[in-house]
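Visitor: this one's sequence-less:
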């Protein structure tokens, strides 16, 4: 018997059997002798306990008269069904139960003495509100439909949690008010109907123990373990694993499958299938589920399992593969890889089920047990009811992963800038939604104004050749020294020949090396020198140390000395990373002025392209003011990059200088996204002139001189029209006032390039002694443009 009342409740509970007693009284007056006599005898015993009719408040009364109550309710609890039905007397939604059927009593006994039988997700407040709803329906004849499935979760003797749905019969109950009850008005009914979760309102309208619940209810339980486990599985599968505790989620999965199989000694695993590499891998999802097939490995070739014919049938015929006795399988096929894999994990029976979607294998669900024959071909079919949900979920996980991969590629590896993403999205949406044969079009943006800039490492090609020459010369020099030592120990003509050949290469490195010199020397050292040093034992401690020291200096990837080139590459990487970071960070601010397309490239320095215009944003509010603002912003950022490089220069591993260049182009152009190259490019022969100028301008000379147009510590602005010169002179004047640019300005014409003539340039030095490095506010920029 359980008799635990909630402290707060609108009911004063009076357990009474008066309706059953009244029915017995009718039977006692009937003409059927054997029934009348039985009823009279039972009524005589009931009369000795008036509380059975008038109402029981003390649980001891029930405890002391259990047999009498059982006899009184015999028609409602037939003996013939007591081992089948799960039934008891109760007060609905109260933790009061007694007079259990035999099956119900066995369930409680198996749960243990410490088990607390409470309704799932149910507390005192919820009990209070539902009790009030019972009053509204029974006394005020309303339709407060609070019905939903209620469950008890009760473990069996093996610890498997069984789920029982509760069904109530309230035919033997009456509800009526006390003098403390508050009359409920139509306005109150509306208020309560709109505030189901407002406990305070319900308690105000139905004070504690202001109503009497007289009689008893009958509770019948239905074993809904399988259905409930499937529902819980759906909930877990639909939830996002990364927002949950991983260990709890795994435990929940195990518990769900234990309920479905009604077995405590089972565990669940999953192995993913990679069709591209034909391998089994661990789960790629956020939740880590053990793979019993892989047993600790991250992946395994499917061919490893191909020798196991039954398992191969799982892959080929896509049906369950069941091992009811692993040990017996090993005795029959000692070389069975899967059986040995399971035996190492002390698994004695297992079920493997393929997860398929549209004929495509996604992975394998594994159910394993440490007991032989616990899992078999009979109970394997219990997986039939859950595999559809698991399949849909795993397929959804794979789609989510692919979407994340696509998003990462979109963000990190393509040139689709956020400013133009809307155009690609609209085109893709139209393609997906159109069923009339719509084909993808090239993405075109017309009438956009281009801006180009670069900060270039001066003489990088010469420096790269010099570092290559320096590394090879050092390596040849070390080898000459080694072979001279070898020749002094062993007077062999072969060693003398090697010295001669190496010295000949050393001479070829004195001047400017040819294009193939590096490759010739590298091949000679790898094929003719290193084998001699590695295959001979010279038995001289000093020589051995000398050779060991030589090999320690070699780069492990190339097998050559790479010291100077490594410093050069590291320096270029540092410069590029620093300059690109400045540009990327400042770009975020510039996008706030007016959205525009932006891309940058790292070479021996950093280049960037900007395109601005109404077609980029699909807005009609573009004004030339935004173009002028972006040009001033670009010049300002180029100054900032020059000054940041000046601060960085002393920390570089290899001495380098940079020069900056801006190309001003006053005419709008059209750009097109090349579907084959997956990048933007200018469209048409007229617009191609802009690209030609970009590619050839940085190596150009001042007309009638041998001086390059770009110089270190200076910014060169290339233009063609007088209006562009006047515009940039205003910007320079503003930055001179801010002590960012020098007062000295150079104006010159540029030599004619192939297919390009009439170019001019402004060149101005950047000042590095200003203590404050900052970009100017939007208001400052606008004021400069207007002036």
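Guide: That came through, no problem. Quick caveat, the model's predicted, so the values are computed rather than measured. Numbering: from 1, shown residues only.
Visitor: Please tell me how far residue 714 sits from residue 659.
Guide: According to C-beta to C-beta, to the nearest Å, residue 714 and residue 659 sit 7 Å apart. Placement of C-beta: from N, CA and C, glycine included.
Visitor: The two: which has the busier surroundings?
Guide: The residue with more neighbours, out of residue 714 and residue 659 and counting by other C-beta atoms under 10 Å, is residue 659; that gives 23 against 19.
Visitor: what's the spacing between that one and residue 562?
Guide: Distance from residue 659 to residue 562, by C-beta to C-beta: 27 Å.
Visitor: which stretches of the stretch 101-250 of the chain have low pLDDT?
Guide: 234, 236-250 (pLDDT under 70).
Visitor: Which residue ranges of it form strands?
Guide: 151-155, 161-169, 173-177, 211-215, 217-223 (DSSP state E, counting those that start in this stretch).
Visitor: Format those strands as JSON lines; extra columns: mean neighbour count.
Guide: Formatted as JSON lines, the strands of the stretch 101-250 of the chain follow (neighbours: other C-beta atoms under 10 Å):
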{"stretch": "strand 151-155", "mean neighbour count": "18"}
{"stretch": "strand 161-169", "mean neighbour count": "18"}
{"stretch": "strand 173-177", "mean neighbour count": "16"}
{"stretch": "strand 211-215", "mean neighbour count": "22"}
{"stretch": "strand 217-223", "mean neighbour count": "19"}
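Visitor: As a markdown table, these with distance to residue 318 would be great.
Guide: Converted to a markdown table, the strands of the stretch 101-250 of the chain look like this (distance: least, C-beta to C-beta, whole Å):
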| stretch | distance to residue 318 |
| --- | --- |
| strand 151-155 | 36 |
| strand 161-169 | 32 |
| strand 173-177 | 56 |
| strand 211-215 | 58 |
| strand 217-223 | 33 |
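Visitor: Just tell me which of these ends up closest to residue 333.
Guide: Nearest to residue 333, of all these, is strand 161-169, at 38.0 Å by C-beta to C-beta.
Visitor: got the angle between the closest one and strand 217-223?
Guide: Counting by axes from the mean of the first three to the mean of the last three C-alpha atoms, to 10 degrees, strand 161-169 points 140 degrees away from the direction of strand 217-223.
Visitor: Which other helices and strands does strand 161-169 contact?
Guide: strand 151-155, strand 217-223, helix 225-238, helix 246-261 (3 or more C-beta pairs under 8 Å, 6 or more residues apart in numbering; DSSP states H and E).
Visitor: List the contacts of the third one.
Guide: In other words, helix 225-238. 151, 162-165, 249, 252-253, 256-257, 259-260, 262, 385-386, 389-390, 393 (C-beta atoms under 8 Å, 6 or more residues apart in numbering).
Visitor: redo that, cut-off 10 Å
Guide: 120, 149, 151, 153-154, 156, 160-165, 224, 244, 249, 252-253, 255-262, 287, 382, 385-386, 388-390, 392-394, 396-397 (C-beta atoms under 10 Å, 6 or more residues apart in numbering).
Visitor: picking that back up, quick check: neighbours shared by residue 714 and residue 659?
Guide: With C-beta under 10 Å, 6+ apart, residue 714 and residue 659 have common neighbours 642, 763.
Visitor: thinking again about what came up before, which one, of the strands of the stretch 101-250 of the chain, ends up nearest to residue 19?
Guide: strand 211-215 (6.3 Å).
Visitor: how much distance is there from that closest one to the middle of the chain?
Guide: Centroid displacement of strand 211-215 relative to its chain, using C-alpha atoms, centre = their mean, to the nearest Å, is 55 Å.
Visitor: now the angle between strand 173-177 and it, please.
Guide: Going by the same axes, to 10 degrees, strand 211-215 makes 160 degrees with strand 173-177.
Visitor: Can you list the strands that strand 211-215 pairs with?
Guide: strand 11-15 (parallel), strand 173-177 (antiparallel) (DSSP bridges).
Visitor: So what touches that strand?
Guide: By C-beta under 10 Å, 6+ apart, the list of residues contacting strand 211-215 reads 9-20, 54-55, 91-92, 94, 131-132, 134-135, 138-139, 170-178, 180-181.
Visitor: Taking these, please make a ChimeraX selection of just the buried ones.
Guide: The ChimeraX selection below is limited to those of those classed as buried (16 or more other C-beta atoms under 10 Å):
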select :9,10,11,12,13,14,15,16,17,18,19,20,55,91,92,94,131,132,134,135,138,170,172,173,175,177,181
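Visitor: Quick check, residue 601 in contact with residue 608.
Guide: Yes - assessed by C-beta atoms under 10 Å, residue 601 is found in contact with residue 608 at 7.6 Å.
Visitor: These two: which is more packed in?
Guide: residue 608 (21 against 13).
Visitor: Which helix or which strand is home to the residue lying closest to the more buried one once chain neighbours are set aside?
Guide: Computed as C-beta to C-beta, 6 or more residues apart in numbering, the closest residue to residue 608 that is not its neighbour in sequence is residue 600, at 4.2 Å. Taking DSSP states H and E as the criterion, residue 600 maps to strand 597-603.
Visitor: helix or strand right after that strand?
Guide: Next along from strand 597-603, by DSSP H and E: strand 605-612.
Visitor: what's the spacing between the helix or strand following that next one and its chain's center?
Guide: Using DSSP H and E, the helix or strand that follows strand 605-612 in sequence is helix 614-617. Distance of helix 614-617 from the chain centroid (C-alpha atoms, centre = their mean) equals 33 Å.
Visitor: Stretch 26-35 too?
Guide: 74 Å.
Visitor: Give the buried residues for that stretch.
Guide: For stretch 26-35, burial by neighbour count (16+ other C-beta under 10 Å) applies to 27-28.
Visitor: just the strands in the stretch 351-500 of the chain please.
Guide: Taking DSSP E, counting those that start in this stretch, the strands of the stretch 351-500 of the chain run over residues 360-369, 444-457.
Visitor: out of the ones you listed, which comes closest to residue 430?
Guide: Comparing the strands of the stretch 351-500 of the chain by C-beta to C-beta, strand 444-457 comes nearest, at 15.1 Å.
Visitor: Taking strand 605-612 as reference, get the angle to the closest one.
Guide: Angle between the axes of strand 444-457 and strand 605-612 is 150 degrees (criterion: the same axes, to 10 degrees).
Visitor: Given strand 444-457, what are its sheet partners and their directions?
Guide: strand 605-612 (antiparallel), strand 658-664 (antiparallel), strand 669-674 (antiparallel).
Visitor: Including distance to residue 641, could those go into JSON lines?
Guide: Output for the strands paired with strand 444-457, formatted as JSON lines (distance: least, C-beta to C-beta, whole Å):
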{"stretch": "strand 605-612", "distance to residue 641": "8"}
{"stretch": "strand 658-664", "distance to residue 641": "7"}
{"stretch": "strand 669-674", "distance to residue 641": "25"}
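Visitor: Reformat these as a markdown table; add distance to residue 29 and mean pLDDT.
Guide: Shown next, in a markdown table, are the strands paired with strand 444-457 (distance: least, C-beta to C-beta, whole Å; pLDDT from 0 to 100):
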| stretch | distance to residue 29 | mean pLDDT |
| --- | --- | --- |
| strand 605-612 | 101 | 92 |
| strand 658-664 | 113 | 94 |
| strand 669-674 | 96 | 82 |
